[in-house]
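Peer 1: Quick one, structure for this:
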Amino acid sequence: MKVAALAGGTGAAKLLRGLAACVGPRDLTVIGNTGDDLEIWGLHVSPDIDSVTYALAGRLDVERGWGLAGDTFRCLEAMARLGADSWFNLGDQDLATHMLRTQALREGAALSTVTANIARDLGVHARILPMSDDPVRTWIRTPEGWLTFQEYFVRQKALVEVLEVAYRGAERARPAPGVLEAIADAELIVACPSNPVTSLGPVLAVPGVVDALAATRAPVVGVSPIVAGAAVSGPAGDLMRARGLPVSPIGVALAYAPWLGVLLIDPRDQACVPALLAQGVSPVVADIVMTDRAREVALARRVLDTLGA
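Peer 2: Down below sits the predicted model:
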(Lines give C-alpha, C1' and ligand atoms only; values in the text may rest on other atoms or scores of the structure.)
Protein backbone atom coordinates (compact mmCIF):
# COMPACT_ATOMS: atom_id res chain seq x y z
CA MET A 1 0.00 0.00 0.00
CA LYS A 2 1.34 3.41 -0.99
CA VAL A 3 1.06 5.82 1.90
CA ALA A 4 1.61 9.58 1.79
CA ALA A 5 1.97 11.26 5.17
CA LEU A 6 1.73 14.96 5.99
CA ALA A 7 4.21 15.51 8.78
CA GLY A 8 5.85 17.91 11.18
CA GLY A 9 7.05 17.67 14.76
CA THR A 10 7.75 14.89 17.22
CA GLY A 11 4.32 13.25 17.06
CA ALA A 12 4.76 12.79 13.34
CA ALA A 13 8.22 11.30 13.73
CA LYS A 14 6.83 8.69 16.11
CA LEU A 15 3.93 7.68 13.90
CA LEU A 16 6.16 7.57 10.82
CA ARG A 17 8.46 5.07 12.52
CA GLY A 18 5.42 2.92 13.17
CA LEU A 19 4.14 3.27 9.61
CA ALA A 20 7.55 2.41 8.17
CA ALA A 21 7.50 -0.79 10.23
CA CYS A 22 4.03 -1.73 8.98
CA VAL A 23 3.94 -0.83 5.29
CA GLY A 24 7.58 -0.99 4.40
CA PRO A 25 9.61 2.19 4.14
CA ARG A 26 9.76 2.17 0.33
CA ASP A 27 5.95 2.51 0.19
CA LEU A 28 6.02 5.53 2.48
CA THR A 29 6.30 9.12 1.23
CA VAL A 30 6.62 11.89 3.80
CA ILE A 31 5.61 15.44 2.91
CA GLY A 32 7.36 17.51 5.54
CA ASN A 33 6.94 20.98 6.97
CA THR A 34 9.64 23.55 6.21
CA GLY A 35 7.78 26.53 7.66
CA ASP A 36 9.99 26.47 10.76
CA ASP A 37 13.27 26.36 8.81
CA LEU A 38 15.75 29.00 9.90
CA GLU A 39 19.29 30.22 9.47
CA ILE A 40 21.63 29.85 12.43
CA TRP A 41 25.33 30.75 12.24
CA GLY A 42 24.91 31.05 8.46
CA LEU A 43 23.56 27.49 8.21
CA HIS A 44 20.19 26.43 6.78
CA VAL A 45 18.47 24.33 9.46
CA SER A 46 15.31 22.30 8.69
CA PRO A 47 14.15 21.08 12.11
CA ASP A 48 11.07 19.11 11.07
CA ILE A 49 12.66 17.50 8.02
CA ASP A 50 15.70 16.54 10.08
CA SER A 51 13.63 15.04 12.91
CA VAL A 52 11.74 12.86 10.43
CA THR A 53 14.97 11.83 8.70
CA TYR A 54 16.75 11.00 11.94
CA ALA A 55 13.70 9.10 13.23
CA LEU A 56 13.46 6.93 10.12
CA ALA A 57 17.22 6.39 10.22
CA GLY A 58 16.95 5.18 13.81
CA ARG A 59 19.20 7.99 15.02
CA LEU A 60 16.76 10.47 16.59
CA ASP A 61 17.38 11.51 20.18
CA VAL A 62 14.10 10.09 21.44
CA GLU A 63 14.20 11.79 24.86
CA ARG A 64 14.65 15.27 23.41
CA GLY A 65 12.49 14.59 20.36
CA TRP A 66 15.03 16.34 18.13
CA GLY A 67 18.67 16.05 17.12
CA LEU A 68 20.88 12.99 17.04
CA ALA A 69 21.12 10.47 19.85
CA GLY A 70 24.37 10.70 21.78
CA ASP A 71 25.29 14.05 20.29
CA THR A 72 27.44 16.59 22.12
CA PHE A 73 27.26 20.38 22.18
CA ARG A 74 30.85 21.57 22.33
CA CYS A 75 30.51 23.84 19.30
CA LEU A 76 27.42 25.45 20.85
CA GLU A 77 29.37 26.05 24.06
CA ALA A 78 32.26 27.55 22.12
CA MET A 79 29.95 29.81 20.13
CA ALA A 80 28.34 31.03 23.35
CA ARG A 81 31.78 31.88 24.77
CA LEU A 82 32.43 33.95 21.65
CA GLY A 83 29.18 35.85 22.14
CA ALA A 84 27.20 34.24 19.33
CA ASP A 85 23.50 33.47 19.64
CA SER A 86 23.15 30.18 21.50
CA TRP A 87 19.40 29.95 22.17
CA PHE A 88 18.92 27.38 19.40
CA ASN A 89 20.59 24.09 20.27
CA LEU A 90 22.65 22.47 17.54
CA GLY A 91 24.58 19.30 18.30
CA ASP A 92 28.09 18.72 17.03
CA GLN A 93 27.18 15.82 14.74
CA ASP A 94 23.92 17.51 13.77
CA LEU A 95 26.00 20.40 12.44
CA ALA A 96 27.28 18.16 9.66
CA THR A 97 23.75 17.87 8.26
CA HIS A 98 23.28 21.63 8.26
CA MET A 99 26.71 22.34 6.79
CA LEU A 100 26.17 19.85 3.98
CA ARG A 101 22.68 21.20 3.25
CA THR A 102 23.84 24.81 3.25
CA GLN A 103 26.77 24.10 0.96
CA ALA A 104 24.55 22.25 -1.53
CA LEU A 105 21.90 24.97 -1.52
CA ARG A 106 24.54 27.64 -2.15
CA GLU A 107 25.83 25.59 -5.07
CA GLY A 108 22.33 25.70 -6.57
CA ALA A 109 20.79 22.41 -5.50
CA ALA A 110 17.08 22.34 -4.64
CA LEU A 111 16.04 21.61 -1.06
CA SER A 112 14.19 18.50 -2.25
CA THR A 113 17.37 17.15 -3.85
CA VAL A 114 19.48 17.88 -0.78
CA THR A 115 16.85 16.28 1.46
CA ALA A 116 16.79 13.12 -0.66
CA ASN A 117 20.57 12.89 -0.65
CA ILE A 118 20.85 13.27 3.12
CA ALA A 119 18.13 10.68 3.69
CA ARG A 120 19.84 8.24 1.34
CA ASP A 121 23.21 8.72 2.98
CA LEU A 122 21.66 8.07 6.39
CA GLY A 123 20.12 4.83 5.14
CA VAL A 124 16.50 6.02 4.99
CA HIS A 125 14.45 4.13 2.39
CA ALA A 126 11.24 6.12 2.73
CA ARG A 127 10.91 9.12 0.43
CA ILE A 128 11.08 12.41 2.31
CA LEU A 129 9.89 15.50 0.45
CA PRO A 130 9.93 19.07 1.73
CA MET A 131 6.56 20.67 1.07
CA SER A 132 8.24 23.17 -1.25
CA ASP A 133 11.66 24.11 -2.54
CA ASP A 134 10.61 27.73 -2.17
CA PRO A 135 10.99 29.53 1.16
CA VAL A 136 7.85 29.56 3.29
CA ARG A 137 8.29 30.73 6.86
CA THR A 138 5.90 30.67 9.80
CA TRP A 139 5.73 33.92 11.74
CA ILE A 140 3.97 34.49 15.05
CA ARG A 141 2.54 37.88 16.03
CA THR A 142 2.79 38.58 19.76
CA PRO A 143 1.98 41.72 21.80
CA GLU A 144 5.67 42.69 21.37
CA GLY A 145 5.68 42.17 17.59
CA TRP A 146 6.37 39.45 15.05
CA LEU A 147 8.67 36.51 15.80
CA THR A 148 9.86 33.68 13.61
CA PHE A 149 8.43 30.37 14.73
CA GLN A 150 11.69 29.25 16.31
CA GLU A 151 12.09 32.57 18.15
CA TYR A 152 8.61 32.00 19.58
CA PHE A 153 8.97 28.27 20.25
CA VAL A 154 12.60 27.91 21.35
CA ARG A 155 13.90 31.34 22.42
CA GLN A 156 10.65 32.45 24.09
CA LYS A 157 9.70 28.87 25.09
CA ALA A 158 6.19 29.44 23.67
CA LEU A 159 5.34 31.51 26.76
CA VAL A 160 4.26 34.68 24.96
CA GLU A 161 0.71 35.38 23.85
CA VAL A 162 -0.08 34.47 20.24
CA LEU A 163 -2.19 36.99 18.35
CA GLU A 164 -1.77 35.86 14.78
CA VAL A 165 0.02 33.28 12.63
CA ALA A 166 1.26 33.92 9.11
CA TYR A 167 2.96 31.75 6.48
CA ARG A 168 5.14 34.24 4.67
CA GLY A 169 6.02 33.30 1.13
CA ALA A 170 3.35 30.64 0.86
CA GLU A 171 1.33 32.47 -1.77
CA ARG A 172 4.29 32.36 -4.18
CA ALA A 173 5.49 28.86 -3.31
CA ARG A 174 5.14 25.83 -5.50
CA PRO A 175 4.88 22.26 -4.21
CA ALA A 176 8.22 20.49 -4.34
CA PRO A 177 8.64 17.97 -7.15
CA GLY A 178 6.73 14.83 -6.29
CA VAL A 179 4.42 16.31 -3.66
CA LEU A 180 1.24 16.50 -5.72
CA GLU A 181 2.08 13.22 -7.45
CA ALA A 182 2.53 11.48 -4.10
CA ILE A 183 -0.90 12.66 -2.98
CA ALA A 184 -2.51 11.64 -6.27
CA ASP A 185 -0.85 8.21 -6.33
CA ALA A 186 -1.33 7.34 -2.66
CA GLU A 187 -3.70 4.60 -1.59
CA LEU A 188 -3.87 6.12 1.86
CA ILE A 189 -3.07 9.62 3.09
CA VAL A 190 -2.23 10.17 6.74
CA ALA A 191 -2.35 13.49 8.56
CA CYS A 192 0.11 12.80 11.37
CA PRO A 193 -0.57 13.94 14.96
CA SER A 194 1.13 17.26 14.30
CA ASN A 195 0.32 20.80 15.31
CA PRO A 196 -2.48 21.76 12.88
CA VAL A 197 -1.39 25.41 12.80
CA THR A 198 2.40 25.47 12.66
CA SER A 199 3.34 21.94 11.56
CA LEU A 200 0.73 21.02 8.96
CA GLY A 201 -0.63 24.55 8.45
CA PRO A 202 2.39 25.63 6.34
CA VAL A 203 2.13 22.47 4.21
CA LEU A 204 -1.53 23.19 3.53
CA ALA A 205 -0.74 26.82 2.71
CA VAL A 206 1.33 25.84 -0.32
CA PRO A 207 -0.94 26.40 -3.33
CA GLY A 208 -2.17 23.16 -4.84
CA VAL A 209 -1.81 20.93 -1.79
CA VAL A 210 -5.33 21.35 -0.41
CA ASP A 211 -6.82 20.98 -3.88
CA ALA A 212 -4.87 17.73 -4.33
CA LEU A 213 -6.11 16.44 -0.98
CA ALA A 214 -9.69 17.34 -1.84
CA ALA A 215 -9.40 15.63 -5.22
CA THR A 216 -7.74 12.40 -4.14
CA ARG A 217 -9.74 9.21 -4.14
CA ALA A 218 -7.54 7.79 -1.40
CA PRO A 219 -8.92 7.75 2.14
CA VAL A 220 -7.53 10.53 4.32
CA VAL A 221 -7.00 9.53 7.95
CA GLY A 222 -5.80 11.85 10.69
CA VAL A 223 -4.61 11.29 14.22
CA SER A 224 -5.58 13.99 16.72
CA PRO A 225 -2.67 15.79 18.40
CA ILE A 226 -5.14 17.02 21.02
CA VAL A 227 -6.25 14.88 23.96
CA ALA A 228 -8.70 15.98 26.65
CA GLY A 229 -8.45 19.67 25.77
CA ALA A 230 -4.67 19.93 25.59
CA ALA A 231 -1.90 19.21 23.14
CA VAL A 232 -0.05 15.93 23.61
CA SER A 233 3.11 18.06 23.31
CA GLY A 234 4.02 21.59 22.35
CA PRO A 235 1.97 24.79 22.05
CA ALA A 236 -0.71 23.55 19.66
CA GLY A 237 -3.46 24.61 22.06
CA ASP A 238 -2.42 28.28 22.14
CA LEU A 239 -1.92 28.35 18.40
CA MET A 240 -5.30 26.76 17.70
CA ARG A 241 -6.99 29.30 19.97
CA ALA A 242 -5.22 32.09 18.08
CA ARG A 243 -6.72 30.69 14.91
CA GLY A 244 -10.19 30.56 16.46
CA LEU A 245 -10.22 26.76 16.55
CA PRO A 246 -11.54 24.74 19.51
CA VAL A 247 -8.71 22.94 21.31
CA SER A 248 -10.20 19.53 20.70
CA PRO A 249 -10.51 16.93 17.95
CA ILE A 250 -13.35 19.07 16.65
CA GLY A 251 -10.87 21.90 16.07
CA VAL A 252 -8.51 19.50 14.33
CA ALA A 253 -11.30 18.39 12.02
CA LEU A 254 -12.19 22.02 11.27
CA ALA A 255 -8.55 22.75 10.38
CA TYR A 256 -8.55 19.87 7.92
CA ALA A 257 -12.00 20.39 6.39
CA PRO A 258 -13.20 19.38 3.88
CA TRP A 259 -10.72 16.69 2.94
CA LEU A 260 -10.33 14.79 6.22
CA GLY A 261 -12.37 11.59 6.22
CA VAL A 262 -11.41 9.74 9.41
CA LEU A 263 -9.92 11.01 12.68
CA LEU A 264 -8.47 8.82 15.38
CA ILE A 265 -9.22 10.28 18.81
CA ASP A 266 -8.38 9.37 22.39
CA PRO A 267 -11.03 7.65 24.56
CA ARG A 268 -11.10 10.79 26.74
CA ASP A 269 -12.57 12.65 23.75
CA GLN A 270 -15.45 10.26 23.24
CA ALA A 271 -17.87 13.17 23.77
CA CYS A 272 -16.63 14.72 20.50
CA VAL A 273 -18.01 11.86 18.42
CA PRO A 274 -21.42 13.42 17.58
CA ALA A 275 -19.87 16.75 16.55
CA LEU A 276 -17.28 15.02 14.37
CA LEU A 277 -19.99 12.98 12.67
CA ALA A 278 -21.91 16.21 12.08
CA GLN A 279 -18.80 17.62 10.38
CA GLY A 280 -18.68 14.62 8.06
CA VAL A 281 -15.63 13.10 9.78
CA SER A 282 -15.73 9.49 10.95
CA PRO A 283 -14.23 9.27 14.45
CA VAL A 284 -12.32 6.20 15.58
CA VAL A 285 -11.66 5.95 19.30
CA ALA A 286 -8.22 4.46 19.92
CA ASP A 287 -5.14 4.64 22.12
CA ILE A 288 -3.34 7.46 20.28
CA VAL A 289 -0.68 8.46 22.84
CA MET A 290 2.65 6.96 21.76
CA THR A 291 4.89 6.46 24.77
CA ASP A 292 7.18 3.79 23.32
CA ARG A 293 8.04 2.04 20.07
CA ALA A 294 5.45 -0.67 20.58
CA ARG A 295 2.70 1.95 20.81
CA GLU A 296 4.03 3.70 17.70
CA VAL A 297 3.64 0.49 15.71
CA ALA A 298 0.28 -0.29 17.32
CA LEU A 299 -1.10 3.13 16.38
CA ALA A 300 0.22 2.81 12.83
CA ARG A 301 -1.46 -0.58 12.57
CA ARG A 302 -4.68 0.94 13.89
CA VAL A 303 -4.53 3.63 11.21
CA LEU A 304 -4.13 0.96 8.55
CA ASP A 305 -6.77 -1.31 10.09
CA THR A 306 -9.24 1.56 9.99
CA LEU A 307 -9.14 1.28 6.22
CA GLY A 308 -9.15 -2.49 6.23
CA ALA A 309 -5.58 -2.61 4.93
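Peer 1: Against K2, how distant is the residue lying closest to D36 once chain neighbours are set aside?
Peer 2: Sequence neighbours aside, F149 is the residue nearest to D36 in space, at 4.4 Å (criterion: CB to CB, 6 or more residues apart in numbering). Every C-beta, even on glycine, is put in place using the N, C-alpha and C of the backbone. Distance, F149 to K2, using CB to CB, to the nearest Å: 31 Å.
Peer 1: more crowded one of these two?
Peer 2: Neighbour tally, F149 and K2, criterion other CB atoms under 10 Å: the higher count belongs to F149, 24 against 15.
Peer 1: is it true that that one touches D37?
Peer 2: No: at 9.1 Å, F149 does not count as touching D37 under the criterion of CB atoms under 8 Å.
Peer 1: List the residues that are in contact with both of those two.
Peer 2: For the pair F149 and D37, residues contacting each of them under the criterion CB atoms under 8 Å, 6 or more residues apart in numbering are R137.
Peer 1: which secondary element of the protein has the worst mean pLDDT?
Peer 2: Comparing helices and strands within the chain by mean pLDDT, DSSP states H and E singles out strand 230-231 as the least confident, with a mean of 90.
Peer 1: contacting residues for T34?
Peer 2: Contacts for T34 (CB under 8 Å, 6+ apart) come out as S46, D48, I49, L111, P130, M131, S132, V136, P202.
Peer 1: could those be laid out in a markdown table, adding pLDDT and distance to H98?
Peer 2: As requested, these are arranged in a markdown table below (pLDDT from 0 to 100; distance: CB to CB, whole Å):
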| residue | pLDDT | distance to H98 |
| --- | --- | --- |
| S46 | 97 | 8 |
| D48 | 96 | 14 |
| I49 | 97 | 11 |
| L111 | 98 | 13 |
| P130 | 98 | 15 |
| M131 | 98 | 19 |
| S132 | 98 | 19 |
| V136 | 98 | 19 |
| P202 | 98 | 20 |
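Peer 1: Give me the subset of these lying in strands.
Peer 2: P130 (DSSP state E).
Peer 1: Closest one of the contacts of T34 to A286?
Peer 2: For A286, the nearest member of those is D48. The distance, counting by CB to CB, is 24.5 Å.
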